[in-house]
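*Asks:* Everything below, folded, please.
(one chain, ligands or ions: 1)
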Amino acid sequence: MGNNLLKGKKGIIFGALNDMSIAWKVAERCHEEGAQIVLTNAPVAMRMGEINNLAAKCNNAPVIGADATSMEDLENLVDKAMEHFGGKFDFVLHSIGMSLNVRKGKHYTDLNHDWMLKSMDISAVSFHKLMQICMKKDAINDWGSVLGLTYIAAQRVFPDYNEMAEAKSMLESIARSFGYHYGVSKKVRVNTISQSPTMTTAGSGVKGFSEFISFSENMSPLGNADAAACADYCVVMFSDLTRYVTMQNLFHDGGFSNTGVTQSVIEQFAKS
Ligand SMILES: NC(=O)c1ccc[n+]([C@@H]2O[C@H](COP(=O)([O-])OP(=O)(O)OC[C@H]3O[C@@H](n4cnc5c(N)ncnc54)[C@H](O)[C@@H]3O)[C@@H](O)[C@H]2O)c1
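*Replies:* Numbers count the residues shown, from 1 in each chain. As a prediction, this is how the structure comes out:
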């Protein structure tokens, strides 16, 4: 049951691949809270058709394909979304991440740099492209909210996160820099949410991910935040209750980021 936190609000949600995706949960929660949404993903990711099941659950939300690296696709998406909404919208979720080198099993010290640039384009530069188009088309209402999803490997080394660490650092930096300009000119806020490791298609591409999830669970005083809890946080960030929060990287990780060690991790060592 929702609380109408997003009543009257309209937004675009990128990245719902299947029902494990963080974006999928965010779309469901936004709909529950009274928002109207447009769904989008890369055309290749929409081939399985799962996104149509989500659209049906969300009051038959339109599904518009867009490769987030293509300015042409993004322009078309924003135009079509504005046509559908009958004007501007209020929020955007960028829930996109992909590393070609991780996918192809390349070690961090042996990267293919053409692939690396492609990974940066998909996972970080696309955030800039999207906001640049939204700003030029004046597509987002005053006090609107743009969110990207990130991970703490942007600040600290997690060896198997590989080149995605650089992608997330860039994503967070773009949120700060664009957040400044979007704030000054249009009162639009831009933030990233740094989420706990979560069992999704993108997440499980990282080597040793299940073990890593248990480690993180044990290192977080509240335990790992799941995708549903992340969706709750996104709703709050899209709502009018957070109008002055901008240019921030917001940790949604059960306390992991500020924990040096926990009793439970110490006990694991005592056992061994
Ligand atoms: N799962 C985790 O542990 C975790 C933790 C912190 C942050 N995140 C971030 O959350 C976001 C969502 O990932 P997820 O875990 O829900 O996994 P997911 O695999 O469900 O979502 C990733 C999405 O990116 C989309 N995508 C890839 N290339 C694209 C392109 N060129 N154009 C448009 N879309 C494209 C995919 O189709 C997919 O829908 C990502 O930014 C990810 O890095 C995930």
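
*Asks:* Which residues does the longest strand anywhere in the chain contact?
*Replies:* Using DSSP state E, we find that the single longest strand of the chain is strand 140-150. Applying Cβ atoms under 8 Å, 6 or more residues apart in numbering, the contact partners of strand 140-150 are 22, 88-95, 97, 127, 131, 134, 168, 171-172, 174-175, 178, 182, 186-195, 230, 234, 237-238, 240, 242-243, 249. For the C-beta atoms, the positions are set from N, CA and C on the backbone; glycine is no exception.

*Asks:* surely residue 203 meets residue 196?
*Replies:* No - checked against Cβ atoms under 8 Å, the pair residue 203 and residue 196 is beyond contact range at 9.8 Å.

*Asks:* So residue 101 is in contact with residue 161, correct?
*Replies:* No - Residue 101 lies out of contact with residue 161 (Cβ under 8 Å); the separation is 11.2 Å.

*Asks:* who's more crowded, these two?
*Replies:* Taking neighbours as other Cβ atoms under 10 Å, residue 101 and residue 161 compare with residue 161 leading, 23 against 20.

*Asks:* Could I get the contacting residues of the more buried one?
*Replies:* Contacts for residue 161 (Cβ under 8 Å, 6+ apart) come out as 151, 153, 206.

*Asks:* wait, what's in contact with the last one?
*Replies:* By Cβ under 8 Å, 6+ apart, the residues touching residue 206 are 102, 160, 161, 162, 164, 197, 212.

*Asks:* Can you name the residues bridging to residue 63?
*Replies:* Under DSSP bridges, the beta-bridge partners of residue 63 are residue 39.

*Asks:* what pLDDT does it get?
*Replies:* Looking at residue 63, its pLDDT reads 98.

*Asks:* How about the contacts made by it?
*Replies:* Residue 63 makes contact with 38, 39, 40, 41, 46, 51, 52, 55 under the criterion Cβ under 8 Å, 6+ apart.

*Asks:* Residue 81 too?
*Replies:* Neighbouring residues of residue 81 by Cβ under 8 Å, 6+ apart: 12, 38, 62, 64, 89, 139.

*Asks:* If we use 10 Å, what do you get?
*Replies:* 10-12, 37-38, 40, 62, 64, 66, 88-89, 92, 134, 139 (Cβ atoms under 10 Å, 6 or more residues apart in numbering).

*Asks:* between the residues you listed, which has the most around it?
*Replies:* Going by other Cβ under 10 Å, residue 40 tops these with 32 neighbours.

*Asks:* Would you confirm that it contacts residue 17?
*Replies:* No - applying Cβ atoms under 10 Å, one finds residue 40 not in contact with residue 17, separated by 11.6 Å.

*Asks:* All set, thanks.
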